[in-house]
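> With the input below, show me the fold.
(chains A and B)
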Amino acid sequence: MHLTRDEERILKGESGEGMQKALELLVAVGDALDAPRLIEVSRAHAASSGQEGDLYFVELLAKGGATCRVPTTTNPVYDMECFDKLFKIPRQESNVARRVKESYKQIGAMLSWCCTPYITENIPMYGENVSFSESSATPFVNSVIGARTNREAAQSALAAGVIGKTPEYGLYFEENRKGTMLVKVVAPLKDEFDYSLLGQYVGKQIGYGIPVFTGISKRPTTEDLINLCAMLNTSAAVSMFHIPRITVEAPSVKAAFGDNHPQDKITVTERELKQTQEELQTGSGKIDLVQFGCPHYTLKQVIEVARQLKGKKIHKDVAFWVCTSATAMFLAKRMGYADIIKKAGGHIVADTCIDMTCWNRFKDKTGMTDSPKCAYYRRFKDVIVARTSDCIKAAVEGEWK
Amino acid sequence: MEMKKEAKLKCHKIMGGYGEGEALVSKEPICFYLADPKTGRVREKGHQLEGKSIAGKVLVFSSGKASSVVQIDGLFKLASEKKAPQAMIVRDVETVLVVSAVIAKVPLVDKLEKDPFTVISTGDFVKVDANKGIVSIRKKT
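Numbering: from 1, shown residues only, chains lettered A, B, ... in the order given. Below is the predicted model of the structure:
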């Protein structure tokens, strides 16, 4: 990879060890993927996780004196105050989370602690070159917004935020943004849960590549697309997709494929979606926990939960949690919806991911969720995956019938 | 019995280093987070490698998968417990996998000059010299 004189100097350590380590990682990625050079990025999202691998790298950069040159948001860890009060987190575990949080602050990241910053405080525009890690974020930014990013890791995105550059390869080139696979959707997609199942199923079938979805006639909502993105990039490594006449770089099926000829065709009927849901289930009957917000619930989803819970009481044996962004949390409080959830006996929390040590007290329990991604990374034993309304019904009754 | 000859194939270095061991082949993508860091055993339900340990092996696989967050942490933890593969040969490389290998310091190569799934089977003895860009394969007898 060609480096400018400035970049050579950073690599020699003349701008400090933090910058040096950040650039070393970007050069390793660039060399591996045959990038000709580094290009500027205008923003980044680091999928910080509050886990050891994450801590190792952010501390390495922060202690080496690096700071973010472009706006760089952070993924959720957990709300330490909230969970410490409730569950008494072991000191050793909370120390990792605390150090991660301090290091991201020290490095000058925008402390969003949210996995969907692309709809809140870090919103790229069409055609922008950015560096976004996090499963739902990468495909959303590419497909729905039409900004350009590769499927970054937390560390390469953070390095890009620090240097303000990233290697030029993959999805930064127009010709690599075309469809590789045709997915014919015959099943009616009723709500965002069906989009989760669609993403889960198609991801499992293809593993890799850029699917082009046909047959989706009703315009998907933001939440539908967030879920589709999250699942395509959890059950597989899919960084981009097209829905002709809906997503921004696909005015037609022909345009979505460009010069590519689809390698394969997949048809998704109601049967596949139903089967996908069935395959996710490991439990039944009594439930101990309901978890929503993987990816983080939007304000609209928080409002919907509050609307369905209004005037009801969650069963005394069920812990009920909604994870959301700080922005949605602020507005949910202001609008009174957070209160409705609390009055029903539920919790709503910002800054928190479902895949954190703070949930370990549920490790032998049965949980219910509307998110196959939450089921995949679950911190509880058995799982029931169902539509949001079904989860709420079960939370009130204490069991899933 | 005649010793089988070692086949040498060129490859492309991603993360430098040298590793050798018994090959473990997975046509399915791999998420390192779903391997137990204490044993290296794959605990993903229904996975081709479910129940098998990747520790000390030369892992031959199609691609990485799963949330970018957990992939790196998974391999980092395996490496911290000395349960990571000795080296990895991948068919379709992507960024998250490169970063995982760099952070965990596990040798990684791609672009093997022949299809890795045709020339390598589980149980073959494989040497990966990432720095020189050479993979040597001795077939299981």
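
> got the residues of chain A near chain B?
Contact residues, chain A versus chain B (C-beta under 8 Å from any C-beta of the partner chain): A:25, A:28-29, A:31-33, A:47, A:49, A:51-54, A:56-57, A:75, A:133-135, A:138, A:150-156, A:170, A:207-208, A:233-237, A:239, A:355, A:373, A:376-377. For every residue, glycine as well, the C-beta is placed using N, CA and C.

> which strand in chain B runs the most residues?
Longest strand in chain B by number of residues (criterion: DSSP state E): strand B:18-26.

> That one pairs with which strands, parallel or anti?
Note on strand B:18-26: by DSSP bridges, its sheet partners are strand B:58-61 (parallel), strand B:125-129 (antiparallel).

> Isn't residue A:176 up against residue A:148?
No. Taking C-beta atoms under 8 Å as the definition, residue A:176 is not a contact partner of residue A:148, at 9.8 Å.

> who touches both of these two?
Residues touching both residue A:176 and residue A:148 (C-beta atoms under 8 Å, 6 or more residues apart in numbering or on different chains): there are none.

> Contact residues of chain B facing chain A?
Chain B has residues B:12-15, B:28-29, B:33, B:62-77, B:80, B:92-96, B:98-100, B:102-104, B:110 near chain A, with proximity defined as C-beta under 8 Å from any C-beta.

> Can you give me the buried ones in the longest strand of chain B?
For strand B:18-26, burial by neighbour count (16 or more other C-beta atoms under 10 Å in any protein chain shown) applies to B:19, B:21, B:23-26.

> Please name the residues that touch residue A:398.
Going by C-beta under 8 Å, 6+ apart, residue A:398 touches A:286-287, A:315-318.

> Same question for residue A:235.
Neighbouring residues of residue A:235 by C-beta under 8 Å, 6+ apart: A:199-201, A:203-204, A:372, A:376, B:65.

> again, only using 7 Å
For residue A:235, the contacting residues are A:200, A:203-204, by C-beta atoms under 7 Å, 6 or more residues apart in numbering or on different chains.

> circling back: I'd like to know which of the contacts of residue A:398 are buried.
By neighbour count, with 16+ other C-beta under 10 Å, these hold A:287, A:315, A:318 as buried.

> export those residues to CSV and tack on distance to residue A:339 and pLDDT?
Converted to CSV, the buried ones among the contacts of residue A:398 look like this (distance: C-beta to C-beta, whole Å; pLDDT from 0 to 100):
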residue, distance to residue A:339, pLDDT
A:287, 24, 98
A:315, 20, 98
A:318, 19, 98
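
> what about the helices in the stretch 201-350 of chain A?
Ranges of helices in the stretch 201-350 of chain A, per DSSP state H, counting those that start in this stretch, are A:222-232, A:253-257, A:270-280, A:299-309, A:326-335, A:337-343.

> Which part of the stretch 101-250 of chain A gets nearest to chain B, residue-wise?
The nearest approach of the stretch 101-250 of chain A to chain B comes at residue A:153, 3.8 Å away (C-beta to the nearest C-beta).

> do the stretch 51-200 of chain A as well
For the stretch 51-200 of chain A, the residue closest to chain B is residue A:53, as judged by C-beta to the nearest C-beta, at 3.3 Å.

> Would you confirm that that residue contacts residue B:103?
Yes. Using C-beta atoms under 7 Å, residue A:53 makes contact with residue B:103 at a distance of 6.0 Å.

> Do you know the pLDDT at residue 71?
Let's take chain A. Residue A:71 carries a pLDDT value of 98.

> ah, no, chain B please
85.

> Looks like it contacts residue B:63 (just checking).
No. Counting by C-beta under 7 Å, residue B:63 is not a contact partner of residue B:71; they are 10.9 Å apart.

> quick one, which of these two is more surrounded?
Shown here are residue B:71 and residue B:63; by other C-beta atoms under 10 Å in any protein chain shown, residue B:71 has more neighbours (26 against 20).

> what about the more buried one, helix or strand, and which?
Assigned by DSSP states H and E, residue B:71 falls within helix B:68-80.

> Give me the helices and strands touching that helix, please.
Where contact means 3 or more C-beta pairs under 7 Å, 6 or more residues apart in numbering or on different chains; DSSP states H and E, helix B:68-80 is packed against helix A:52-63, helix A:154-163, helix B:95-104.

> Just the closest of the contacts of residue A:398 to chain B, please.
The closest of these, once distances to chain B are taken by C-beta to the nearest C-beta, is residue A:287, at 20.2 Å.

> Now the closest one: phi and psi?
phi -120, psi 150 (degrees, to the nearest 10).

> and it, what does it touch?
Residue A:287 makes contact with A:318, A:366-368, A:384, A:394, A:398-400 under the criterion C-beta under 7 Å, 6+ apart.

> Among these, name the buried ones.
Buried residues within the contacts of residue A:287, counting neighbours by 16+ other C-beta under 10 Å: A:318, A:366-368, A:384, A:394, A:399-400.

> May I ask which helix or strand of chain B has the lowest mean pLDDT?
Within chain B, no helix or strand scores below helix B:68-80, which has a mean of 88 by mean pLDDT, DSSP states H and E.

> Sort out which residues of it are buried, please.
B:68-79.

> Kindly report the same for stretch A:4-17.
Neighbour counts over stretch A:4-17 (16+ other C-beta under 10 Å) mark A:7, A:10-11, A:15 as buried.

> Can you tell me the closest non-neighbouring residue to residue B:10?
Nearest residue to residue B:10 in three dimensions, chain neighbours excluded: residue B:113, at 4.8 Å (C-beta to C-beta, 6 or more residues apart in numbering or on different chains).

> Sticking with that neighbour, tell me its helix or strand.
Using DSSP H and E, residue B:113 falls within no helix or strand.

> residues near it, how many?
By other C-beta under 10 Å, 13 other residues sit near residue B:113.

> My guess is it contacts residue B:9. True?
Yes. With contact defined as C-beta under 7 Å, residue B:113 counts as touching residue B:9 (5.1 Å).

> for residue A:196, what are its contacts?
Contacts for residue A:196 (C-beta under 7 Å, 6+ apart) come out as A:227, A:231, A:371-372.

> Apply 8 Å and report the result again.
A:227-228, A:230-231, A:370-373.

> can you check residue B:121 too?
B:23, B:25, B:139-140.

> which one of the residues you listed sits closest to residue A:194?
Checking these against residue A:194 by C-beta to C-beta gives residue B:25 as the nearest, at 35.4 Å.

> about what we covered before: sitting in helices, which of the contacts of residue A:287 do you find?
Taking DSSP state H as the definition of helices, the contacts of residue A:287 contribute residue A:394.
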